[in-house]
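Student: Turn this into a model:
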Amino acid sequence: MIEHSWHHDHDILEIRPVAELKPAEFRALAAQVDPVICQHGYLQGMLIDARHVHGWQNFAALVSHCVFTRNQHRHLHRIAVLSDSTLLGFMPQILNHFVAAEVRPFPAKDSEFALEWLLHPG
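Tutor: This next block holds a predicted model:
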């Protein structure tokens, strides 16, 4: 399950994976995000709260995640990842090679700093 909310008049999307990820959830999330991108042309940022990531239900869910990322990353300026996981701490370094957006990790307790960073590019 992926919960989401918007910050700063739909400039920043916060997503919170709270259960094992399923393919339909990425389609549902895209249905919420795509109209905002069409209206504004881009998203200032995405805040991924990865504190409770449980992985993917199956390979199809992983593929859906990759498709969502491929379709959205060109319309994002920055991505902030909240996590205290050592493994997830390396995710931004890996993602920076594959996505157009600048990606940065933040400790789980620093959501306000992450939002501030997302709001002020440069």
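
Student: Give me the below-cutoff pLDDT ranges for this protein.
Tutor: For the chain, the stretches with pLDDT under 70 are 54-73, 87-98, 121-122.

Student: Quick check: closest non-adjacent residue to the residue nearest the centre of it.
Tutor: By CA atoms, centre = their mean, the mean C-alpha position of the chain lies nearest to Ile48, the distance being 4.2 Å. Using CB to CB, 6 or more residues apart in numbering and skipping residues adjacent in sequence, the residue nearest Ile48 is Val81, 4.9 Å away. Just so you know, the C-beta spots here come from the backbone N, C-alpha and C atoms, and that holds for glycine as well.

Student: I'd like to know the beta-bridge partner residues of that neighbour.
Tutor: Taking DSSP bridges as the rule, Val81 bridges to Ile48, Pro105.

Student: Distance check, it against Cys38.
Tutor: For Val81, the distance to Cys38 equals 25 Å [CB to CB, to the nearest Å].
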